[in-house]
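> Sequence and computational prediction follow.
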Amino acid sequence: MSMTITVQNRIARVTGTPEIICGNSGYMIAFSFDDEWNDYVQKTAQFRYIRDGKAVTETVDFSGSFCAVPVLHDVDFVEIGVTAGDIRTAAPARIPCIRCITDIPSSANKWPRDVYNELMERLRQAYHPPKESKFWYIVTAEGDYVVTADGAFVIAKE
């Protein structure tokens with residue numbers, strides 16, 4: 001996905017209203033420079049943002065007019081400026097960022113034990129019906145479950 005930033009009179013301005021979805025690669029900046037930049041083939045883009053209350057700067061060297069945006073995580077916006085030789089943009093362009101699902105703090109959900117199936121498995125392993133019987137059943141102390149000889153589980157009451 002490409003975004004355009006115009007740099008004129010040492011001020012960077014974003015064209016349109018692009019947004020960056022955090023955690024994704026593939027974003028490119030297409031810079032449009034005024035004549036002041038013509039003598040500079042090598043340039044450095046500076047990406048500044050706030051993460052965990054601290055200012056962070058990432059730099060990306062590029063030549064020509066295109067620059068890859070570094071993968072951003074857990075930020076609300078990024079400010080982008082360019083330097084080359086003795087030229088520094090006075091005002092950076094600002095692009096809002098949208099946090100992705102992996103930016104949301106969380107912990108793995110530990111599902112509760114499946115006590116019903118654990119108990120039924122233990123009962124099935126512990127009880128063996130007489131060989132001459134084709135059908136049998138087990139009822140819990142509460143009278144809730146029936147197990148057939150072929151191992152099928154049935155809820156006896158609700």
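That came in fine, so what should we check first?
> Next, M120: phi, psi?
Comment: the main-chain dihedrals of M120 come out as phi -60, psi -40, following degrees, to the nearest 10.
> Would you check how far apart it and A126 are?
Relative to A126, M120 is positioned 11 Å away (CB to CB, to the nearest Å). Placement of C-beta: from N, CA and C, glycine included.
> same question, P18
For P18, the distance to A126 (CB to CB) stands at 65 Å.
> Between those two, which is the more surrounded one?
More neighbours sit around P18 than around the other of P18 and A126, counting by other CB atoms under 10 Å; the figures are 16 against 8.
> Helices of this protein, start to end?
Across the chain, reading from the start of the chain, the helices by DSSP state H fall at 115-126.
> Spatially central, which residue of it would that be?
The C-alpha lying nearest the average C-alpha coordinate of the chain belongs to T102 (CA atoms, centre = their mean; 2.8 Å).
> Tell me which stretches of this structure form strands.
When secondary structure is read from DSSP state E, the chain shows strands at 2-8, 11-14, 20-21, 28-33, 42-51, 54-63, 66-68, 77-84, 87-88, 93-98, 145-147, 153-155.
> Setting aside sequence neighbours, what's the nearest residue to I50?
The shortest distance from I50 to any non-neighbouring residue, by CB to CB, 6 or more residues apart in numbering, is to V75 (6.7 Å).
> I figured that neighbour was touching G23, is that so?
No. Applying CB atoms under 8 Å as the test, V75 and G23 come out as separate, 10.3 Å apart.
> Which of the two has more residues huddled nearby?
V75 (20 against 16).
> which phi and psi does the more buried one have?
Dihedral angles (degrees, to the nearest 10) for V75: phi -130, psi 160.
> Roughly how far does it sit from V7?
Applying CB to CB to V75 and V7 gives a distance of 22 Å.
> tell me the contacts of H73?
C22, G23, R51, C100, T102, D103 (CB atoms under 8 Å, 6 or more residues apart in numbering).
> Could you pull up the contacting residues of the closest residue to it other than its chain neighbours?
Nearest residue to H73 in three dimensions, chain neighbours excluded: C22, at 5.4 Å (CB to CB, 6+ apart). Applying CB under 8 Å, 6+ apart, one finds that C22 lies in contact with L72, H73, D74, V75, C97, I98, R99, C100, D103.
> So I95 sits against E19, correct?
Yes. The pair I95 / E19 is scored as a contact, 7.0 Å apart, by CB under 8 Å.
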